[in-house]
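Participant: Generate coordinates for the sequence data below:
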Amino acid sequence: MDEAAKNKALRMIPYGLFVVCAQHGDSVAAGAMNWISQTSFKPPLVVLAVKADSRPREVIKEAGAFAVSVLEKGHKEIAQAFFKPAELRGGRLNGYPIEPAPVTGQPILKDAIAWWECRVVRIVEEGDHHLFLGEVVEAGVRREGQPLELRETGFFYGG
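Facilitator: Prediction:
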């Protein structure tokens, strides 16, 4: 296989860039993630791919839940703050204010234009990213806006 062609072709898949958070007891993890997609209307299901050797994967698995915060177009700096390990201090995660999602209690960013929270219904542990199938149990929209897209940031992930 031509690796350069494969990388270029797979990087043409359009993605958003979101902040995914999970908390189990005192353990908190978060990360900027882009491999997320809706997979069902009834029940509402999404799939999330998380790096197999990452802290977010461990905490999502322990918690059995996760929350996705939708970043707004132009909020590249918020996404960048979640390329490093999560640090919770005084109601802020990596410097950004959070609040608990209403059903699962998972952290959501107050700066997000929208969010949803999921209960994990299945995990597929194959490859270098594990898949979490989550049932959306609650969602909210804080304000109108365009979601941040990976392409806009100049970052690349995939291939």
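Participant: Just give me the residue closest to the centre of this structure.
Facilitator: What sits nearest the mean C-alpha location of the chain, by C-alpha atoms, centre = their mean, is residue 20, with 2.9 Å.
Participant: mean confidence for the helix or strand hosting that one?
Facilitator: Using DSSP states H and E, residue 20 sits in strand 18-24. For strand 18-24, the mean per-residue pLDDT is 98.
Participant: cool, and stretch 49-56?
Facilitator: 96.
Participant: Could you export it as PDB, CA atoms only?
Facilitator: C-alpha atoms of stretch 49-56 as PDB (Å, rounded to 0.1, in the frame of the first residue of the first chain):
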ATOM      1  CA  ALA A  49     -12.500   6.100  19.200                       C
ATOM      2  CA  VAL A  50     -10.000   6.600  22.000                       C
ATOM      3  CA  LYS A  51      -6.300   5.800  21.900                       C
ATOM      4  CA  ALA A  52      -5.800   2.400  23.500                       C
ATOM      5  CA  ASP A  53      -3.000   3.400  25.800                       C
ATOM      6  CA  SER A  54      -4.500   6.700  27.000                       C
ATOM      7  CA  ARG A  55      -5.700   7.900  30.400                       C
ATOM      8  CA  PRO A  56      -9.100   8.900  28.900                       C
END
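Participant: Give the buried residues for that stretch.
Facilitator: Neighbour counts over stretch 49-56 (16 or more other C-beta atoms under 10 Å) mark 49-50, 54-56 as buried. The way it works is simple: take the backbone N, C-alpha and C, and place the C-beta from them, glycine included.
Participant: Show only the entries of the residues you listed found in helices.
Facilitator: Among the buried residues of stretch 49-56, DSSP state H puts 55-56 in helices.
Participant: what's the closest of the buried residues of stretch 49-56 to residue 26?
Facilitator: residue 55 (13.2 Å; C-beta to C-beta).
Participant: quick one, what contacts the closest one?
Facilitator: 29, 85-86 (C-beta atoms under 8 Å, 6 or more residues apart in numbering).
Participant: now residue 69
Facilitator: Residue 69 is in contact with 18-21, 108-109, 111-112, 114-115, counting by C-beta under 8 Å, 6+ apart.
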